[in-house]
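*Asks:* here's my sequence, what's the structure:
(chains A and B)
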Amino acid sequence: MTLKRVLVVDDEASIQKVVSLSLKMEANWDILTASSGEEGISQAEIHAPDVILLDVMMPEMDGIATFEALCNNPRTQAIPVVLLTAKTRTAEKRLFQKIGVSGVITKPFNPLTLASQIADLLDWPL
Amino acid sequence: MSSNLGVCNSSFWHKILEPQPLAFSSQAKLSKVLGQMTSEPEHGCVLALHRRKVVGIATRQDLLQAMVQHRDGPQLRLSQVVTRPVITVSHADLNDVAPLLEQFARHRISYLPIVDDQQHLLGLINKIDLLQTIQDQRTTVQLRRQHERFQLFAEITLKIRQSLQLKEIFHTTVNEVQRLLNADRVLIYQVLPDGTGQPISESVVAPYPAILGYSFPEEVFPEDYQTLYAQGRVLAIADVHAPESGLADCLVEFIKQWGIQSKLIVPIVHPLQPEQSVGDEPLRNQLWGLLIAHQCRSPRQWTEFELELMQQLADQISIALSQGQMLEYLEDRVKLRTAELTQANWALHQEIQERKQIEVALRQSEEQLRLITNNLPVLIAYVDDQQRYRFNNQAYEYWLGQTPEAIYGMSMEALMGVAYYQAIQSYIETVLAGTQVTYESELTFKEGRSHSVSVTYIPHIEKGGGDRPPQVKGFFALTMDISDRKAIERMKDEFIAVVSHELRTPLTSLHGSLKLIATGRLGHLSEEGQQMLDVADENTDRLVRLVNNVLDLQRIESGEVTMDAHRCDAADLIVQAAESMQAIARQQGIEIHTRLDSIAIWADPDYIVQALTNLIGNAIKFSTPGDGINVTIQPYFESALPPRLSNAAFHHRPSLPAMALFCVQDQGQGIPSDKLNSIFERFQQVDSSDSRKKGGTGLGLTICRKIVEQHGGQIWAESQMGVGSCFYFTVPLIPPSTT
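*Replies:* Here you go, the predicted structure:
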């Protein structure tokens, strides 16, 4: 399996830990974490991850605003973004797809299949 | 000759006495006399005078005869041809015509000279003139008497007819007859049907006793007498004691007590009433009674006039009786009619009272209804089929600032405004087509704020009759302010959304952590520890599903999400749902079979997949290892309904347009028939322990129903205990708008 670097942006530390452990265990990917949109952008600029798992509902700068900032940033605009969200309805999904995210994974997710879901969305071999 | 014609007054004599008869000296020549007679042809004779005394008389005929018999007739002297001595009458004897007529008769003469004491000529009386005058005088007297009788009769008749009361008529009659005839007693005697009788009215002068009050037995007036009187017999007896009176001695003795010397009896008859006639017998006269006059002071010869008067008055009494009977009949009719009218009037009065009471009750009822409608916090209106307001309650003024009086007759478009009217026009058309309709909208109140309202239109349908179909006359419009309810619903929705979201975050961590631990790759647990971990993991899964379902249901019910329907292939949706559940099914040893026909449906694929997934998940839960689950799709028309669906459990299923019919069939334990409908209600399960045993949330079927209804479809279940269950739902084949 190709080593991938994944940036997890979520204001909930427990989510960060579960996602990190899940992806480490299932796919042995390199995991970076950030607790806010601003920190996520900064980490992305520094580490240029292969994918950013971005929580939508965050205080101050939410996931949509963070995504737009990433898109507008030449250094991060090429990094695929997968949203992690509790908002799962059709209209919301369409909105997310319209703005150009690579995929949407709803919470609560299955930690045993999370890596394969991400790989499917990005056409990564597992 | 009647004595009253004998003695004549001076005018009579003046009328018949010719004061200047033709008279000549007795020595006058006949030629002269005849010449004079020729020029005065009215003179029938000529008198010869000598020293003013009448010495002879000659008629025109005597003179002419002398002229013919004698050759020198014209030269004859009057004295030669006259008759002498002359019969004359003294002026002093001109009191009575009888001596004159006797003279004319005895001497067979035609003229009588009238002379004074000196035998001087005073005039001449012509026998013919005398007789003519006497005749004229007699005729005049008769006419006068007749006139007097008529006048008298008319006066009595008038008095009689001044009353219609029989008693008064009888009384007047007896009084007037008594006065007129100067009789001592006049009475009216009534003959009763049994032959007896009694006086019913009497006028008697003192000192003679009254008969009134006596009743007479039949013997006094036997039937053969009655018959005679009924035929018009009149009995006038001048002296009751005279043998020629024909009265029996006993009767004469009987009537002595009333001092009767003479009597005049006339019958009072009048036609029998129709009801008294027998069979076809023509109407005949009935003897009703007698009009009787008595003379007590002396016997009396009754005159023709008196008889005639009595008869005529008896006829008048008869007429009065007829009129009295008619009056009595009319009075009876009037009484009867008056009674009927009184009764009708009373009934009418009663009816009016009842109507008044009803009107009062109606007014009270109307007042109560108006009080109720005006105090309800709801807009209530009645709109006619021309969409004009015919009733509005007071709330229109409170809410919209328009009084009911101002709104009456106004069109809906005028009151609501064009934009609002266009928005609700389809609902108005629906209710005027006879279908009740309810919708929600926003209405701006008089203070300028927009309020959420729920509006219901109920058609007012007049029942048809005969060939006439039912007709929509208008509709009732009820508008409720649901702003508060809407606000509460929004708060509830927001609360659920927040809570659900806030639950998801810790759940995600919990759920993920347990899953990772359960892999054993983070270290092994003891057997009991592993069991507890499995319990925690399963219940976390269940909690996740519950939160997801609560959130889904809330979003659908709140209208936050709408079905994003478009054309899609039903077979693809079944494949997606089946695949997502395949792994779980295999874990349970259950096979999912699909029979796929490519059918284009008009639906939101995500929601249809969710419904199918829920139904398949349910089927797995209630199946046992080795069972199979069939998922199928087919076009659905009424006639294409599978025979086993036509049982009574689904008789209420509505007729639908062309739809696609999904079916998820299992071989589970089955559902009792009384639960087939309730299982679609939230938290309603066949067995309350199922949710715990099977890990269900109690919301899956409710969500399925909401999804299907949002698509305009229907969902239902059929089951046989011990055999299995079928869950059906329909979705439109083509967009509903094009149907």
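*Asks:* any idea which helix or strand carries the residue positioned nearest the centre of chain A?
*Replies:* The centroid of chain A falls nearest to A:L53 when counting by CA atoms, centre = their mean (0.8 Å). A:L53 belongs to strand A:51-55 when elements are defined using DSSP states H and E.
*Asks:* ok, now B:K167?
*Replies:* helix B:166-181.
*Asks:* repeat that for B:I292.
*Replies:* Taking DSSP H and E as the definition, B:I292 sits inside strand B:285-295.
*Asks:* so how far is that strand from its chain's centroid?
*Replies:* Per CA atoms, centre = their mean, to the nearest Å, the displacement of strand B:285-295 from the mean C-alpha position of its chain is 53 Å.
*Asks:* lowest-scoring secondary structure element of chain A by mean pLDDT?
*Replies:* helix A:90-98 (a mean of 71; mean pLDDT, DSSP states H and E).
*Asks:* sec struct for the closest residue to chain A within the stretch 301-450 of chain B, please.
*Replies:* Using CB to the nearest CB, the point where the stretch 301-450 of chain B gets nearest to chain A is B:E440, with a distance of 21.2 Å. (C-beta placed from N, C-alpha, C; glycine too.) Following DSSP: H, G, I helix; E, B strand; the rest coil, B:E440 is assigned to strand.
*Asks:* got the angle between the following helix or strand past the strand holding A:L53 and strand A:51-55?
*Replies:* Per DSSP H and E, the first helix or strand lying C-terminal to strand A:51-55 is helix A:63-72. Going by axes from the mean of the first three to the mean of the last three CA atoms, to 10 degrees, helix A:63-72 is angled at 150 degrees with respect to strand A:51-55.
*Asks:* contact partners of the helix or strand following helix A:63-72?
*Replies:* Downstream of helix A:63-72, the first helix or strand assigned by DSSP H and E is strand A:81-85. With contacts defined as CB atoms under 8 Å, 6 or more residues apart in numbering or on different chains, strand A:81-85 is touched by A:10, A:15, A:19, A:51-57, A:63, A:67, A:70, A:92, A:96, A:101-107, A:109, A:118, A:121-122.
*Asks:* list phi and psi for the nearest residue to the residue nearest to the centre of chain A once chain neighbours are set aside.
*Replies:* Residue nearest to A:L53 in three dimensions, not counting chain neighbours: A:V8, with 4.8 Å by CB to CB, 6 or more residues apart in numbering or on different chains. Backbone torsions for A:V8, taken as degrees, to the nearest 10, come to phi -100, psi 120.
*Asks:* what bridges to A:V8?
*Replies:* In this structure, A:V8 bridges to A:T33, A:L53 when assessed by DSSP bridges.
*Asks:* report how many residues lie close to B:L212.
*Replies:* 16 (other CB atoms under 10 Å in any protein chain shown).
*Asks:* try B:Q27
*Replies:* By other CB under 10 Å, 12 other residues sit near B:Q27.
*Asks:* what about the residue lying closest to it once chain neighbours are set aside, distance to B:V55?
*Replies:* In this structure, B:Q27 finds its nearest non-sequential neighbour in B:R77, 5.2 Å apart by CB to CB, 6+ apart. Distance, B:R77 to B:V55, by CB to CB, to the nearest Å: 12 Å.
*Asks:* quick check: neighbours shared by those two?
*Replies:* Jointly contacting B:R77 and B:V55 under the rule CB under 8 Å, 6+ apart are B:S26.
*Asks:* which parts of the stretch 351-500 of chain B sit against chain A?
*Replies:* Proximity of the stretch 351-500 of chain B to chain A, by CB under 8 Å from any CB of the partner chain, involves residues B:S500.
*Asks:* go again with 10 Å.
*Replies:* Within the stretch 351-500 of chain B, the positions near chain A by CB under 10 Å from any CB of the partner chain are B:A497, B:S500.
*Asks:* B:G464 - that's part of a strand, no?
*Replies:* No. Looking at B:G464 with three-state DSSP, it is coil, so not inside a strand.
*Asks:* count the residues that sit near the closest residue to it other than its chain neighbours.
*Replies:* In space, and not counting its chain neighbours, B:G464 is closest to B:P470: 4.5 Å by CB to CB, 6+ apart. The tally of other residues near B:P470 (other CB under 10 Å) stands at 12.
*Asks:* check B:E528 too.
*Replies:* 8.
*Asks:* next: B:L122.
*Replies:* 17.
*Asks:* now it: how far from B:V240?
*Replies:* In this view, B:L122 and B:V240 are 55 Å apart by CB to CB.
*Asks:* repeat that for B:L478.
*Replies:* 108 Å.
*Asks:* how about the residues of chain A near chain B?
*Replies:* For chain A, the residues in contact with chain B (CB under 10 Å from any CB) are A:10-19, A:21-22, A:24-26, A:55, A:57, A:84-94, A:106-114.
*Asks:* out of the residues you listed, which end up buried?
*Replies:* Listed as buried from the residues of chain A next to chain B are A:10-12, A:15-19, A:21-22, A:25-26, A:55, A:57, A:84-89, A:92-93, A:106-109, A:111, A:114; burial here means 16 or more other CB atoms under 10 Å in any protein chain shown.
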